[in-house]
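# Sequence and predicted structure are below.
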Amino acid sequence: MLFYTRSVVIVSVFGFFLFGAFPSSVPGQVPLNGIEANATLPKLALVPIERNQDALTPFEKTELRRLFGLGLRELARRPIRGVLGYEQEYWRNPASVYVLRPDDVSLNGHVLTVEAFRGVPGMHVTRGTGYDDFAIMRNFSGSSTEKFLAMVDGREVLQIMGGTVNATGEGVPLEILDRVEIIRGPGASIWGTNAVSGVYNVVTKSAAATQGDSVRLVLRDDGTFLGDYVHGGRAGEDAFYRIWFRDQEYAEGTLSSGLPAKDDGYFRKVGFRYDKTLSRDIDFTFAGALGKRRVDHVLDLSQRLYYDNSAGTLGATPLVPIANLPTHIPGTWPSSRASDLSMPAGFTRYEYWGEMPHDAGHLRTKLSGVSDSDLEWSLAFYAEQYKTFLGHVGHRWERKEYDIDFRANTILGDRHNIAFGLASRHMNLEVEDVVTPPWNFPVIDTIPGTTTPSSMVPTSDIPILDYGENPTKFDRFSAFFQDSYEFTDTLLLSAGAKFEESDLAGTGVQPGARLSWAVNEYNVLWSAYSRAYRTPSLVERYTKVSYARVWVPTDPADPLNPAKGFWMNQSFAGNPNNEKEETDAFEIGWRSQPWVDFTVELSLYHYDTTNAIFSGPPIYEAHDVKTSGGEFTFDYSPFHYWTLKGGASRTISKKEGVETNNFPKTLANFSSHIRLRDDLTFTQNFYYAAERTIPSAYNPQFIPAHLRMDLGFIWRPDESLEIGLFGRDLLDPHHPENMYQDLELEPARVERSLLLSITKRF
Amino acid sequence: MWFTSFAIVSVCVCFNASFGKTDFSEDARTEARLKAAYLAHLLHYSTWDEEDLPSARSTVGLAVVGQDRHHFAQVLLFLIDELKITLQGRKVKVFSLARIPDADEENEVFKDCAVVYFLQSEENRWSECTLCDKKGVLAIGEGSKFASEGACVSIVRSRNRVKLLINREGYASRNLKVSSRLLRLRSTVEIYQKGS
């Protein structure tokens, strides 16, 4: 608490003394060269304008560069007075914002956009198996569950079943990526439920901006491959289209123990977009995509089934020796058996793996415009179908979802810009759980979270995940109102609330207020309060998880005799009463741009969360969590050929007053781009994550602190060709980062790799 | 504790900032930046006859005429300098002029200018300007009146946006060409029709 008290004092001192006490030149008061002089001249003559460095603030200069970089279409859509919080790159935006551009992916040797999140202070990006990238932001649970809202072109892509984002499945070709807006911290009053730790929104380019053809090929030394093809063309008067294809092939990786990770497979996706300007003030967009992924996933069985897990720690005694397993355990199901150093001597590792197919498609249509009464509006409709089967645990679901979203804003008088909107969602799921072969034998079931038998009649019909007869249809209705109020030229306030009525989260109001003060030409201070909700995933809420089976001997004198004992199921259940996690978030921030090529940002936050969900056993529990932290970000170009970017974050989280260790307390990143020649750039990237422990029901994993170094050269002989060669993770041959808690026994190796990327535009 | 701290800081920010500037010029400065970006693009989308321009190694003039309350000329100069914007390969030099000159002064004053940009303050005097007849001068003005009264382009504020109104006759009469790509941008550009 002392840390935060100090922080508040520091910011206050900044506000009152450092900036407020010294006279500052206010934008707009700088004398102009020439014009005033002209007024006194008897005869008119042109007066050459000389650069007055103080006429524009560094923030304005940066925005000018950005504005000129926009095409005329985008320029015509830029509002003169915007809604605070809509334009993320606006320097007075009272939020901790980071905007990723395609160059942040390609110049830093990343294959997918999600990997580039490693360069965002406050975000913790980890790799599990070859196709699993986990991104977490200011997190307080440390699990694979992402407690932030992820969107692609305004479409929510958070999977309600597991509460995760399939970052690979939602990926788009780099050529069509315009930017990713990452807003750290809750913004529920605009964005809505699940915008707790933050929001990221992937924004793709308009079809008009991707005319022609392009190919991007990325090849890693282990054989992993990604290929993108994008074609764009004209489809009539002021109408454009594009189609694209992606193929990603995964080579098999290795687990930390050296065993094969069985994570090879592929992901293929096709997408399209059609944009038409219907009239001067009405635009129409129709877009969609279809993706297919075929991979396997492994479920460790060693302690779930073959070895006693009652002690809760791998290798703890008493273990049930495999040689003496009861004979009624079938030996026919597919498994891998391998000697493993991570297992105690004389024991064998057992795994079961199954296919994890994933098929998903969506359609998006949007109509937007400005009415005669200056009301800027948009009406969007989204339809999505998502089918997957987690073959390793026998959990299949299909989700159909329909969303309609109306938003509008208008200027009211000299000082207000009001925004409001209505949205409705209908979701329908079909869930099927099957018993996978390793679990298909008679067992005594127990009351979830206990060892008390629920029936003494053995059954073979207990799947690992059991959704049961729980609800499968969910509706949500929401409305929001926000007013951006300009007190003065330097002081902006945004206040609003989102009202939501939902089958999952009940009825609630999520208010928020954000204040931005441009102290002088170089400094902006901001503060914010938000209340945000997160809807627990359907697994957390409704699903019974049978995570293990325990051999119970009935004759202590002969504990391994298969005739003198029985198998007992161990489970924990979702909690239907876990309606929503509620977070009160307080943020303060400072953004400074003393000159045009140097920007620093500092943001501090404190989250007070009630009913934060943590997985069992014995049950999915709700706890109070307090999280505090901050992020520091800088962007500096000491010379025109050298750019430095980086940042660091620090966070402390306490669950019921006890400090947690499931999220790295310190994260840092540093990136250097040196243009050696006009066509050749040398990049260096460093990423640091402090130690943490991956929580798990029976095998928590300690992940040591890790420093990663990537080096690369990018050759751009002209606008149409880019070739990059990168060495990634050069400081060590491999290290662990993440795994699915409660499912996997150990993380996969994130290995040193070489990467070749080629982009060609035709 | 945190709520208290947060409230204190917020109130302090409000209180301190209330001593700041109170005129609402931020919108106008934003508008000026958008207009300057448009103007920089227009140099690319317009074509001059080489005969109407000085030699290839020369500098061409761009005059900003009128009461420049929001640093439009400085904004434009920053764009041109930083982004090395040229006019058909020639460097562009930005000049200012407080008002539209009298008719007998015009040719002398604008003799080296290939672009003249009239600020809003000159909208009412524009009809007196004989610049309409000068070859090789891209005449652009703030407000719809300019295009409707002979200028090549009006940059207009409409519905909280900045858009272009293009007078093709204005281009033709000055021996200039406008890109068909620009004219096809219906969301950005309105073509001026006589009598409309």
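Right, received. Where do you want to start? Residues are numbered from 1 along each chain as shown, chains lettered A, B, ... in the order given.
# Now do the residue lying closest to residue A:700 once chain neighbours are set aside against chain B, distance only.
Using Cβ to Cβ, 6 or more residues apart in numbering or on different chains and skipping residues adjacent in sequence, the residue nearest residue A:700 is residue A:693, 5.3 Å away. C-beta here means a position set from N, CA and C on the backbone, and glycine is covered the same way. For residue A:693, the distance to chain B equals 27 Å [Cβ to the nearest Cβ, to the nearest Å].
# what does residue A:758 give?
Applying Cβ to the nearest Cβ to residue A:758 and chain B gives a distance of 29 Å.
# buried sites along stretch B:84-102?
B:85, B:87, B:90, B:92-101 (16 or more other Cβ atoms under 10 Å in any protein chain shown).
# ok, now stretch A:197-211?
A:197-202, A:204-210.
# Could you dump those into CSV with pLDDT added?
Formatted as CSV, the buried residues of stretch A:197-211 follow (pLDDT from 0 to 100):
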residue, pLDDT
A:197, 84
A:198, 86
A:199, 89
A:200, 90
A:201, 92
A:202, 94
A:204, 96
A:205, 95
A:206, 94
A:207, 95
A:208, 92
A:209, 92
A:210, 94
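# which stretches of the stretch 251-400 of chain A form helices?
Counting by DSSP state H, counting those that start in this stretch, the stretch 251-400 of chain A has no helices at all.
# Quick check: residues of it near chain B?
Counting by Cβ under 8 Å from any Cβ of the partner chain, the stretch 251-400 of chain A comes close to chain B at A:277, A:279, A:280, A:281, A:283, A:370, A:374, A:376.
# hang on, the residue nearest to residue A:700 packs against residue A:661?
Yes: counting by Cβ atoms under 8 Å, residue A:693 touches residue A:661, with 5.1 Å between them.
# Residue A:232 - how many residues pack around it?
For residue A:232, the neighbour count with other Cβ atoms under 10 Å in any protein chain shown is 23.
# how close does it get to chain B?
15 Å.
# beta partners for that residue?
Taking DSSP bridges as the rule, residue A:232 bridges to residue A:212, residue A:242.
# before we move on, what about residue A:424?
residue A:404, residue A:477.
# dump the residue contacts of it.
Contacts for residue A:424 (Cβ atoms under 8 Å, 6 or more residues apart in numbering or on different chains) come out as A:403, A:404, A:475, A:476, A:477, A:478.
# Out of those, which comes closest to residue A:540?
Nearest to residue A:540 out of those is residue A:476 (Cβ to Cβ; 17.4 Å).
# just checking, what packs against the helix of greatest length in chain B?
For chain B, the helix that runs over the most residues, judged by DSSP state H, is helix B:26-45. Helix B:26-45 sits against helix A:58-69, helix A:72-77, helix B:72-82, strand B:113-118, strand B:138-142, strand B:153-158, strand B:161-166, with contacts defined as 3 or more Cβ pairs under 8 Å, 6 or more residues apart in numbering or on different chains; DSSP states H and E.
# name the helices or strands packed onto the helix or strand following that helix?
For helix B:26-45, the following helix or strand on the C-terminal side (DSSP states H and E) is strand B:46-48. Contact analysis of strand B:46-48 by 3+ Cβ pairs under 8 Å, 6+ apart lists strand B:176-178 as its packing neighbours.
# what about the stretch 1-150 of chain A, any weak spots by pLDDT?
By pLDDT under 70, the low-scoring segments of the stretch 1-150 of chain A are A:1-43, A:140-146.
# can you pull out the helices in it?
Using DSSP H, counting those that start in this stretch, the helices assigned to the stretch 1-150 of chain A run over residues A:2-13, A:35-40, A:58-69, A:72-77, A:102-106.
# Tell me the buried residues in the last one?
If I follow you right, that is helix A:102-106. In helix A:102-106, counting by 16+ other Cβ under 10 Å, buried: A:102, A:104, A:105, A:106.
# I'd like these written out as JSON lines, with distance to chain B added.
Listed next are the buried residues of helix A:102-106 as JSON lines, based on distance: Cβ to the nearest Cβ, whole Å:
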{"residue": "A:102", "distance to chain B": "20"}
{"residue": "A:104", "distance to chain B": "21"}
{"residue": "A:105", "distance to chain B": "24"}
{"residue": "A:106", "distance to chain B": "22"}
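# possible to save these as TSV with distance to residue A:711?
Listed next are the buried residues of helix A:102-106 as TSV, based on distance: Cβ to Cβ, whole Å:
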residue	distance to residue A:711
A:102	20
A:104	16
A:105	16
A:106	15
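# Just flag the most distant two among the residues you listed.
Across those (Cβ to Cβ), the longest gap, 8.0 Å, separates A:104 and A:106.
# For residue 127, give me its contacts.
By default, I'm working from chain A. A:133, A:134, A:737, A:738, A:748, A:750.
# I was thinking of chain B, sorry if that wasn't clear
B:145, B:149.
# how about 6 Å then?
Residues near residue B:127 by Cβ atoms under 6 Å, 6 or more residues apart in numbering or on different chains: residue B:149.
# State the three-state secondary structure for it.
Secondary structure, DSSP: H, G, I helix; E, B strand; the rest coil: residue B:127 is helix.
# so what's the residue nearest to residue A:700 bridging to?
residue A:702.
# roughly how far apart are residue A:261 and residue A:253?
4 Å (Cβ to Cβ, to the nearest Å).
# quick one, phi/psi of the closest residue to residue A:410 other than its chain neighbours?
Nearest residue to residue A:410, sequence neighbours excluded (Cβ to Cβ, 6+ apart): residue A:375, at 4.6 Å. Note on residue A:375: backbone dihedrals following degrees, to the nearest 10 are phi -90, psi 120.
# Residue A:375 - how many residues pack around it?
If we define neighbours as other Cβ under 10 Å, then residue A:375 has 14 of them.
# now do residue B:25
17.
# On the pLDDT front, check it for me.
pLDDT for residue B:25: 75.
# gap between stretch A:183-197 and the chain center?
Relative to its chain's centre, stretch A:183-197 lies at 12 Å (Cα atoms, centre = their mean, to the nearest Å).
# what does stretch B:119-132 give?
Distance, centroid of stretch B:119-132 to centroid of chain: 14 Å (Cα atoms, centre = their mean).
# how far away is the closest residue to residue A:762 other than its chain neighbours from chain B?
Leaving aside its sequence neighbours, residue A:762 sits nearest to residue A:213 (Cβ to Cβ, 6+ apart; 4.1 Å). Residue A:213 sits 19 Å away from chain B, going by Cβ to the nearest Cβ.
# neighbours around residue A:213, how many?
Residues near residue A:213, counting by other Cβ under 10 Å, number 15.
# same thing with residue B:83?
Residue B:83, neighbours per other Cβ under 10 Å, totals 13.
# ditto for residue A:668
Number of residues near residue A:668 (other Cβ under 10 Å) recorded here: 18.
# One more: residue A:634?
With other Cβ under 10 Å as criterion, residue A:634 counts 17.
# I'd guessed it sits against residue A:602; true?
No: counting by Cβ atoms under 6 Å, residue A:634 stays clear of residue A:602, with 9.7 Å between them.
# Tell me where the model's unsure across the stretch 501-650 of chain A.
In the stretch 501-650 of chain A (pLDDT under 70), the answer is A:559-562, A:616-619.
# Run through the residues of it sitting next to chain B.
Neighbours of chain B within the stretch 501-650 of chain A, by Cβ under 6 Å from any Cβ of the partner chain: A:515, A:517, A:525, A:527, A:586, A:588, A:606.
# beta partners for residue A:354?
residue A:297.
# separation between it and residue A:677?
For residue A:354, the distance to residue A:677 - Cβ to Cβ - is 51 Å.
# Of these two, give the one with the bigger neighbour count.
Neighbours around residue A:354 and residue A:677, counted as other Cβ under 10 Å, are more numerous at residue A:354. The numbers are 18 against 10.
# which among the residues of the stretch 251-400 of chain A next to chain B gets closest to residue A:121?
Taking Cβ to Cβ as the measure, residue A:121 sits nearest to residue A:376 out of those, at 32.8 Å.
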